[in-house]
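S.K.: Quick one, what's the 3D model for this:
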Amino acid sequence: MELANFGNRRTYDDFKKQIPENVLFLFESIRDYCFSLGDNVVEDIRMHRIVFGKSMSFRWFADVAPHPDSVVIKIQKSRKEPANILTLNLDDNLDDTKNLLKDAYETIR
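M.R.: Residues are numbered from 1 along each chain as shown. Take a look at the predicted model:
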């Protein structure tokens, strides 16, 4: 697991404080899955979301933002295609989302 630092010194522990308690498990499940996709996954912790990319060239494949009762994920396979935006609710099954994340990770160069 590699952390990208683009002048932003926030840590995941800092970011985690702003995630609503009821959404934390879902958010962390998505985060853990993104890291499980490969050793070259990097995360960039932004003010209100976390962006996951592939290697330091940082082609992003997932932009994950916590909301009061859901998590919104933008999944991008290439710069030429629009991002696929999903809203995951607390009781949603993550299987389809994981397949989309894996496909995006494997597709980006």
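
S.K.: can you pull the pLDDT of residue 78?
M.R.: Looking at residue 78, its pLDDT reads 83.

S.K.: For residue 60, see how far away it is.
M.R.: Distance of residue 78 to residue 60, computed by Cβ to Cβ, to the nearest Å: 11 Å. Placement of C-beta: from N, CA and C, glycine included.

S.K.: name the element residue 74 belongs to?
M.R.: In this structure, residue 74 sits in strand 70-75 according to DSSP states H and E.

S.K.: helices or strands up against that strand?
M.R.: The contact analysis (3 or more Cβ pairs under 8 Å, 6 or more residues apart in numbering; DSSP states H and E) places strand 70-75 against helix 24-36, strand 59-67, strand 84-89, helix 95-107.

S.K.: For residue 78 and residue 60, list the residues in contact with both.
M.R.: Counting by Cβ atoms under 8 Å, 6 or more residues apart in numbering, the common neighbours of residue 78 and residue 60 are residue 108.

S.K.: Those two - which one has more neighbours?
M.R.: Using other Cβ atoms under 10 Å as the criterion, residue 78 and residue 60 rank with residue 60 on top: 20 against 12.

S.K.: Can you list the low-confidence ranges for this protein?
M.R.: The chain contains residues with pLDDT under 70 at 1-8, 56-58.

S.K.: again, only this time at 50
M.R.: Low-confidence segments of the chain (pLDDT under 50): 2-6.

S.K.: Tell me the residue in it that is farthest from the middle.
M.R.: For the chain, the largest distance from the centre (Cα atoms, centre = their mean) belongs to residue 80, which lies 19.7 Å off.

S.K.: From residue 42, how far off is that residue?
M.R.: Distance from residue 80 to residue 42, counting by Cβ to Cβ: 22 Å.

S.K.: How about residue 49?
M.R.: Using Cβ to Cβ, residue 49 is found at 15 Å from residue 42.
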